[in-house]
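**Q** turn this into a structure:
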Amino acid sequence: MGLGMALLSAALMAAMHVEVLLANRRTPPAAGDGMAWVTGAFVVAIVALIATTAWRFRVPRGARR
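**A** Numbers count the residues shown, from 1 in each chain. As a prediction, this is how the structure comes out:
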């Protein structure tokens, strides 16, 4: 899980860096739709990581708590 989170964070930073570079090449400098897509994809990936972790560590039915 830690490796997955690290890879997602590194990918987010790299994608945001590329988006900032592309935004600064425009005249006048302006952000495009790419930043929203990158952030949305990151949020979806984090939710999937959390759901997978919660599913993996769930309490089985019939188990004593």
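**Q** okay, CA-based contacts and neighbour counts for the rest of this
**A** Fine.
**Q** okay, which residue is most central for this protein?
**A** Taking Cα atoms, centre = their mean, the centroid of the chain lies closest to F42, which sits 2.0 Å from it.
**Q** can you pull out the helices in the chain?
**A** Here the chain has its helices, by DSSP state H, at 2-25, 34-56.
**Q** give the rounded mean pLDDT of stretch 10-21.
**A** Mean pLDDT, computed over stretch 10-21, is 93.
**Q** returning to that earlier point: just put the helices of the chain in CSV and tack on distance to A63.
**A** Shown next, in CSV, are the helices of the chain (distance: least, Cα to Cα, whole Å):
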stretch, distance to A63
helix 2-25, 28
helix 34-56, 15
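**Q** from E19, how far off is the residue lying closest to M16 once chain neighbours are set aside?
**A** Closest residue in space to M16, ignoring its immediate chain neighbours: M35 at 6.7 Å, by Cα to Cα, 6 or more residues apart in numbering. Distance, M35 to E19, by Cα to Cα, to the nearest Å: 6 Å.
**Q** next: A48.
**A** Using Cα to Cα, A48 is found at 24 Å from E19.
**Q** and what of T39?
**A** With distances taken as Cα to Cα, T39 is found 11 Å from E19.
**Q** have a look at those two and say which one is more surrounded.
**A** Legend: neighbour count by other Cα atoms under 10 Å for T39 and E19, higher for E19 (17 against 14).
**Q** need the contact list for that one.
**A** A31, G32, G34, M35 (Cα atoms under 8 Å, 6 or more residues apart in numbering).
**Q** my read: the residue nearest to the centre of the chain touches L12, true?
**A** Yes - assessed by Cα atoms under 8 Å, F42 is found in contact with L12 at 6.8 Å.
**Q** state the pLDDT value of L7.
**A** Here, the pLDDT recorded for L7 equals 93.
**Q** so what's it up against?
**A** Taking Cα under 8 Å, 6+ apart, one finds nothing in contact with L7.
**Q** quick thing: my sequence starts at 21, can you match it?
**A** Will do, 21 is the new start, and the previous item becomes L27.
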